[in-house]
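Q: Provided below are the primary sequence and the corresponding predicted coordinates.
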Amino acid sequence: MYKTIDETDIAYFKSFIPGERVRTGGEISPDYSRDELGGVEKYPDALIFVKSADEVSRIMRYANEHRIPVVARGSGTGLVGAAVPVLGGIMLCTSQMNAILELDEENLTLTLQPGVMLMEISAYAESRGFFYPPDPGEKSATIGGNISTNAGGMRAVKYGVTRDYVRGLEVVLPCGEIVELGGKVVKNSSGYGIKDLVVGSEGTLAIITKATLKLLPLPGETSSLLIPFPDIESAIGSVAGIMKAKVIPTAVEFLENEVILDSEKFLGKKFPDKSSGAYLLLTYDGNSKQELEAAYGMAADVVFAAGALDMLIVDTDERKEMVWSARGAFLEAIKSSTTEMDECDVVVPKNKVAAFVLYTYELKREFSIRIKSFGHAGDGNLHIYVLRDGLDGETWRNTLNAVFHRLYQKAAEFGGKVSGEHGIGYAKLPYLAQSEHTAVIELMKGIKRVFDPNNILNPGKVV
Amino acid sequence: MEIICCIKQVPGTNKVEADAETGVLLRSTAEAKLNPYDLYALEAAFKLRESIGGTVKVITMGPPQAEAAVREAFAMRADSGVILSDKAFAGADVLATARTLADGIKKSGSFDIIICGKQTTDGDTAQVGPELAEFLDIPHIANVRIILGIEPSNTGHIRVEADMGDYIETFDVLLPCLITVDKGAYVPRLPSYRLMLASASREIPVLTAADLPGESEMYGLKGSPTRVKRIYPPDAKNARFNIGGSSESVANSLLNELRNLKFI
């Protein structure tokens, strides 16, 4: 049983944190009772805006001693309810720990606090000629949240995911100890990789209070290609060939015509081409125009052989804005086209993407429900949205469960995983349990027990 | 219908340098791209050709690398192109540019309509289009947001809607004429790789000062009455301020601020 927070606890927190940073009851905005998932809501009993690892440490020590649940939160842009305090307790909001602490140009690292937003990292790094490759769509997300979900994004196909760019972490353990994991070192074979366990642990193992990220030199040129195909099958079918060619694109997205139309309606802006059934959107980067043009040439050979109708060049700022603003609005556009929706963030081996998308068409017909998808065809991570439209509550829940069950079943059959980049959080808990071997789930639970024997950190999530 | 579209290469970014003496932009220091307003002009031309048939010819004045602008227009489905290129054309102001274009257009055949972008993103004067029409002695309408078509029928007019700032005005303009196009209803198409390959060997005639009727002093810097005192890239402004307090007071402060800035 957890302790319910009372006035003594609040008085204790206020003894070392100024009152305006400790909120309770009606002082807590509804935003802190949910994330972007929707459907699951619960207010924390106390919301504390922390500003230092020491503050986090004192709170954790106290919470551990008194067995009070603690949930860390950044911008609250998660999609699986991971930052919703389903058992109440303390919410530690790290959004005010938002300083960029050090750019180390010799070691190519950037050290920052967890509340720095993704858009701030790219602006800071790129204006200085550096590049932080992970590129999840939600730019107002914090780096703390990105690390906690091991966020991916569109450039994963060439550059990998957040975990590949976390060199070091300072974390506060549930017992209140502040420890450093990893560092600025490039290589590290010193015992178990604890840092990599914390990355993607969705706030269940430790609270991140500082991160050291790996940077790359900023590529000089970036350009995209919008490639129309007669249908989704030929579009996604060409991806394997593109990846086999010797130049790896930084992003390979697939778009269906109807999602483009949704986005036009949502943004009130026209897309430059919608004459075809499906599109691939490829991005290449390099150090010169010539390098990019050579990449276009290689892509052209492959996509034309696979049935592409043309290859449209998205090279200037205006053209990029026209195409990518539509791509960036897909999620909101689909959301605005229906009453409610849920998302399956499944990941399958790259060569199964086409088969998986076609399977969603089968489900659409079988369950007479709208299912829309777009996603990262190059890394196998799909975003599949099941739309409620006019269904009544019970039919919606039953249909959704049945469709999700079938999607995850198919993903498992293809050797896929439950989540590519959003995490497990609260919403996907049962699916993780079903999809992994019992021994693996037990290992995860064991790890959780070692870190957090009193189960106070984000209880009810992941495992 | 014979449609001519005037296009121009402009710097790809705002990081450009200018000649300290003459104030002329050093184009080689910046990556070039097609003037964004010309993309609307091209789209308007293509849509007009789609609706009533005809050809789209692009014309550009610039250094030899301006060929890239014409090739890009080919990749968007322009039928033919002409380049006006000569050292004598360099450093032209709006007057000399308009005169050179007018002479080049007269030299390169007949036309029914000339479509220009409203302005370029480097010079930003929006004067070349109307001045070109004056040199050619044809009617012109600026800030066209859409071409409605050839109407009323058989009177040799074209009907366009122009954005007059506070209102939209519909004009019937006698052909041949010139219009300058703003963003309006046009979504520029993307250049096609297929068309780029297909048109790679298409010849582009180059007209030099020797091909044009005027004396070379009438073109370029010599033919330009404008004297630029100083030219420099604008400072990037990134004004920001924070508003604190309760939700209600933040909302009120924001409202007041937006009113002060005359945004609402």
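A: Received the coordinates, thanks.

Q: Run through the neighbouring helices and strands of the helix or strand where A:Ser15 lies.
A: Using DSSP states H and E, A:Ser15 sits in helix A:7-16. Under the contact definition 3 or more C-beta pairs under 8 Å, 6 or more residues apart in numbering or on different chains; DSSP states H and E, helix A:7-16 sits against strand A:22-24, strand A:46-49, helix A:53-66. Placement of C-beta: from N, CA and C, glycine included.

Q: Alpha carbons of that helix, as CSV, please.
A: Extracted C-alpha coordinates of helix A:7-16, given in CSV (Å, rounded to 0.1, in the frame of the first residue of the first chain):
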residue,chain,number,x,y,z
GLU,A,7,-0.1,18.2,4.8
THR,A,8,3.0,17.1,6.6
ASP,A,9,4.5,15.8,3.4
ILE,A,10,3.6,19.0,1.6
ALA,A,11,5.1,21.1,4.4
TYR,A,12,8.3,19.0,4.1
PHE,A,13,8.6,19.6,0.4
LYS,A,14,8.0,23.3,0.9
SER,A,15,10.7,23.4,3.5
PHE,A,16,13.3,23.2,0.7
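
Q: Smallest gap between the stretch 51-200 of chain A and chain B, at which residue?
A: A:Ala123 (10.1 Å; C-beta to the nearest C-beta).

Q: isn't there a helix covering that residue?
A: Yes: counting by DSSP: H, G, I helix; E, B strand; the rest coil, A:Ala123 falls inside a helix.

Q: Can you get me a residue count around it?
A: 12 (other C-beta atoms under 10 Å in any protein chain shown).

Q: need the residues of chain A near chain B, please.
A: Residues of chain A found near chain B (C-beta under 8 Å from any C-beta of the partner chain) are A:29, A:225-226, A:270-273, A:296, A:300, A:310-319, A:322-323.

Q: thinking again about what came up before, most tightly surrounded among the helices and strands packed on helix A:7-16?
A: strand A:46-49 (a mean of 22; mean count of other C-beta atoms under 10 Å in any protein chain shown).

Q: Which elements pack onto that strand?
A: helix A:7-16, strand A:22-24, strand A:90-93.

Q: okay, those in CSV with distance to B:Gln65 and mean pLDDT next?
A: Shown next, in CSV, are these (distance: least, C-beta to C-beta, whole Å; pLDDT from 0 to 100):
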stretch, distance to B:Gln65, mean pLDDT
helix A:7-16, 65, 97
strand A:22-24, 61, 96
strand A:90-93, 54, 98
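
Q: Out of these, which is the most enclosed?
A: strand A:90-93 (a mean of 24).

Q: got the contact list for the next helix or strand after that strand?
A: Next in sequence after strand A:90-93, counting helices and strands by DSSP H and E, comes strand A:100-104. Contacts with strand A:100-104, where a contact means C-beta atoms under 8 Å, 6 or more residues apart in numbering or on different chains, come from A:109-113, A:116, A:120-121, A:124-125, A:128, A:130, A:184, A:210.

Q: Any buried residues in strand A:100-104, and which?
A: A:Leu103 (16 or more other C-beta atoms under 10 Å in any protein chain shown).

Q: Output the contacting helices and strands for the next helix or strand after it.
A: Sequence-wise, the next helix or strand downstream of strand A:100-104 (DSSP H and E) is strand A:109-112. Applying 3+ C-beta pairs under 8 Å, 6+ apart, one finds that strand A:109-112 contacts strand A:100-104, helix A:118-127, strand A:207-214.

Q: I appreciate the help and will end here.
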